[in-house]
Every structure is written in C-alpha cells, then in structure tokens.
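**Q** Need a 3D model of the following:
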Amino acid sequence: GILSMTVKSMRVTAHDLVTLSRETQDGQAVQLQKSPTQSDTVYYDNSRKLINNGWIFIPTKIIVGNGYSWAAVISLDIEEHASKTTIRKHTIPEEIVDLLEQLPPVLGYDIKDDVLLIENMLPKLGFRRFKFKGFVELQTLLVLAGWKHSSLSRVAIAMIVMGVPINRISAGGDRHWGGRFLRTHKALQVMILFDVKWSHIVYAVVLAALREEVIPDPDALG
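**A** Coordinates of the predicted model:
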C-alpha cells in the first residue's frame, strides 16, 4: 500500500543546527537566532565539513494518514514566546524511528524533497539514521494518467479534481509550525489535515483513472 504524507518545516540558522547536534545536552533548550549573525561565519558540522551560517530548513511536523478518518502527527518540541523561540533537544524514542522506517511508500506533492529533508536533518536533531522504504510523487501519477504538464500546480490540481481552492498564501505558517499539534492554531491544524487529505483523494481519483486507461471495461471491447 501507499500512505499519504506531508511535512511542515521551519527555518533555523546553521549556528542553531550545529549547537543542537553537537553542544546540547539531552533536555536542554536552545534559543533560536532570529537571523544569521555576521560574527558566526563558519562552523564545522558533524562530518567536519565547513559550512557558512545561513538559513537551513528543519522538519518540525511529519503527518501521515488519509486526513479524513485518521492521521498521525510527529512534532518537534519547539516553544514560542513573545520575544524568543526555543527548541528542546531530546533523546528520540526508538519506536518513533522504527515507525518511520517501517512505513509503506509515502505519497505526496513534491514528496521527494520532504523525504530527503527528513532523512538528512532528523539525525542532527537526535534521531538515528534511517531510510524510508520509498516514495511516489503525486505529479508523476498525474502525468501517467494523462494530466497536462501546464496544470501541475497544487492550486490547479485541487480545483480540477476536488473543485475547491487551496490557500497557499499561509503555507509558511508564519513560523508557527513548531510545537505540539494541539498547541498549534486551529486554522493551521485544518491546513495540516487538508494537505494529507487532498493528496490522498487525488491519489484515489488518479489511480481509478489510470486503471480505466490501462484495463478498460471488457464489455466495451466487445
């Protein structure tokens, strides 16, 4: 089987990422920089590679499911205050990593980027290294079913398949994608579930169309 997945991310500085991966004790909170500082120019990451201090995206929410009967959310422990944002480093339960590793191939829009982001960044935040079993790009299925390349945007797909518009203006979440799901604003909770739901529905519709194209009704051939 295939499972729909969407990922929400926040940008942090390279300084923050190196601090979390090398210098932070379990349970310690790190205050995130508001912007890369000029004095923090170069760091060594865990591979001893020279990197510049700049913006780096980290996955803060991983959501799998179908969006209408069930969904599971994995969130990083990020706290937002009036004047600062902190992330607390924890030893990640092995069961969470096992769950991600044992998921069936995941499906989504531009899902390859999300899969690589998770596999590359989570080990720097306390997860052990792991690989997903596989992934399927929603756009690839659409093209196989005869979809036009010029109409592969999220907005076009949602309007044509489901007849509803998608709000992409608020997709960034105004840096509020961190923290636990129940503490997330209700409007953003709806966006999270809809992202999983719409990709699952589009997958079901496109798969049915593809099946009809490849295996037409035998009665129609007679």
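**Q** Report the next helix or strand after whichever strand or helix holds M121 in sequence order.
**A** In the assignment (DSSP states H and E), M121 maps to helix 111-121. For helix 111-121, the following helix or strand on the C-terminal side (DSSP H and E) is strand 135-137.
**Q** and that following strand, what does it pack onto?
**A** Packing partners of strand 135-137 (3 or more CB pairs under 8 Å, 6 or more residues apart in numbering; DSSP states H and E): strand 106-108, helix 111-121. For glycine as for every other residue, the C-beta is placed from the backbone atoms N, C-alpha and C.
**Q** Using CSV, write down the CA coordinates of the helix or strand that that strand is followed by.
**A** Following strand 135-137 in sequence order, the next helix or strand is helix 138-144 (DSSP H and E). C-alpha atoms of helix 138-144 as CSV (Å, rounded to 0.1, in the frame of the first residue of the first chain):
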residue,chain,number,x,y,z
LEU,A,138,1.8,12.8,-7.0
GLN,A,139,2.8,14.7,-10.1
THR,A,140,4.2,11.5,-11.7
LEU,A,141,0.9,9.7,-11.2
LEU,A,142,-0.9,12.6,-12.7
VAL,A,143,1.2,12.6,-15.8
LEU,A,144,0.9,8.9,-16.2
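**Q** max-length helix in this structure?
**A** helix 186-214 (DSSP state H).
**Q** Give me the contacts around the helix or strand harbouring V30.
**A** Counting by DSSP H and E, the element that carries V30 is strand 29-31. Residues from elsewhere that reach strand 29-31 (CB atoms under 8 Å, 6 or more residues apart in numbering): 16, 19-20, 24, 79, 84-89.
**Q** now that we have those residues, which one has the most neighbours?
**A** I87 (26 neighbours; other CB atoms under 10 Å).
**Q** Out of the contacts of strand 29-31, flag the one nearest to E119.
**A** Distances from E119 to the contacts of strand 29-31, taken as CB to CB, are shortest for L20 (17.1 Å).
**Q** circling back to that earlier point, comparing the helices and strands packed on strand 135-137, which comes out most buried?
**A** strand 106-108 (a mean of 25; mean count of other CB atoms under 10 Å).
**Q** Direction included, what does it pair up with?
**A** strand 3-13 (parallel), strand 135-137 (parallel) (DSSP bridges).
**Q** next one: it to chain centre, how far?
**A** Centroid separation between strand 106-108 and its chain, computed with CA atoms, centre = their mean, to the nearest Å, is 10 Å.
**Q** Repeat that for stretch 103-118.
**A** Stretch 103-118 sits 7 Å away from the centroid of its parent chain (CA atoms, centre = their mean).
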